[in-house]
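S.K.: Any chance you can model this:
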Amino acid sequence: MRLIDTCVNLGDTMFQGVYHGKERHAPDFELVLKRAEDLGVERFIGVSGSLQDSRDSIAAAEQRPNIYATVGVHPTRCSEFEEDGRDPDAHLEALHDLAQAGGAVVVAIGEIGLDYDREQFCPRDVQQRYFERQLDLAKRLALPVVFHNRNTGGDFERIVRGRRGDFSTGIVHSFTGSVEEMRALVDLGLYIGINGCGLRSAELLEMVAQIPADRLVVETDAPWCSIKNTHPSMQHVRTKFEEVKKPERWEPGKMVKDRCEPSHVLQVVEAIAAARGVPPGDVARETFCNTLRVLFPAEAAPPA
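M.R.: All right, here's what the predicted structure looks like:
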């Protein structure tokens, strides 16, 4: 199977062996990537949540031909536009210049959007203001968007609908909404990104089963959002990995329990396939082609 992980936090310190600020084992970033590549993961989209994250994502992408980057500020971190007396316009220009200088390794603006579950990190008015300003970036740079949407009471859809003509297309990543919300976003021409969090309940499995085949993409959001043993989707997972229970017991060639990796995208494909009643190969093929259409349009096959 040919696979693309459309959302992975490659700069997370867990891949350097650091958990909650403490070093637990040797860096294994390269081993993590090699393990995924051996399973058919051909490309990794390193998502960004701040200006510095964006720099780091581009730096990682420049080191390997199969890593690509996004540029953007996560809704919970949008206070960085104004903190410490910063000029928001200058901060936006820094994002613009970084994306422009990144060239072909930068495939989207993101992840940007709204998150009302974590307003303690950034109030919603600030989130909304810089969601709109970053959509301006997508328009200026003619790039698609990787979106974040959590518990927004319709504000996300309202803003996207009003700005739909300003960006080519986009992925609503780590989607965990209702069937009705999914359909509304698909009607806007967006793609739906599914990872382990979107497979954690029977209701979500029913939603996943109804995503149009030409609007589905897969991701891990590694090192987060793995499929847990308590999730109903785990019964459909056929690919299992050797794990150590604690980071300090890490061994080369083994995963760390509860640290999601790009390799787990294969488990996501298997669970989605079971929910949809189709072979995993079909899901892999469809999501690979869909990802090309969104993020690598020059490589995508023309519509039938």
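S.K.: The longest strand along the chain: partners in the sheet, and parallel or antiparallel?
M.R.: For the chain, the strand with the greatest residue count under DSSP state E is strand 106-115. If you go by DSSP bridges, strand 106-115 pairs up with strand 67-71 (parallel), strand 145-150 (parallel).
S.K.: Now do the host helix or strand of Arg161: which elements does it pack against?
M.R.: Using DSSP states H and E, Arg161 sits within helix 155-162. If you count contacts as 3 or more C-beta pairs under 8 Å, 6 or more residues apart in numbering; DSSP states H and E, helix 155-162 packs onto strand 106-115, helix 124-141, strand 145-150, helix 179-187. The C-beta positions use only the backbone N, C-alpha and C, and glycine is treated the same way.
S.K.: which stretch among these comes nearest Ala300?
M.R.: Smallest distance to Ala300 across these (C-beta to C-beta): 12.6 Å, for strand 106-115.
S.K.: Which positions within the closest one qualify as buried?
M.R.: Val106, Val107, Ala108, Ile109, Gly110, Glu111, Ile112, Gly113, Leu114, Asp115 (16 or more other C-beta atoms under 10 Å).
S.K.: pLDDT averaged over stretch 121-128, what's the number?
M.R.: The average pLDDT within stretch 121-128 is 98.
S.K.: So what touches that stretch?
M.R.: Contact partners of stretch 121-128, identified using C-beta atoms under 8 Å, 6 or more residues apart in numbering, comprise 75-79, 81-82, 114-116, 119, 155, 159.
S.K.: ditto for stretch 243-260
M.R.: With C-beta under 8 Å, 6+ apart as the test, stretch 243-260 has contacts from 14, 17, 19, 24-26, 28, 31, 35, 196, 220-226, 228, 241-242, 261, 263.
S.K.: in that stretch, what counts as buried?
M.R.: Pro247, Trp250, Met255, Val256, Arg259, Cys260.
S.K.: Check what pLDDT the third one gets.
M.R.: Spelled out, it's Met255. On pLDDT, Met255 comes in at 97.
S.K.: sorry, back to before: helix 155-162 and the longest strand of the chain, what's the angle between them?
M.R.: With axes from the mean of the first three to the mean of the last three C-alpha atoms, to 10 degrees defining the directions, strand 106-115 sits at 130 degrees from helix 155-162.
S.K.: Could you check how far strand 106-115 is from the centre of its chain?
M.R.: Relative to its parent chain, strand 106-115 has a centroid offset of 9 Å by C-alpha atoms, centre = their mean, to the nearest Å.
S.K.: Just the mean pLDDT for that strand, thanks.
M.R.: Rounded mean pLDDT across strand 106-115 is 98.
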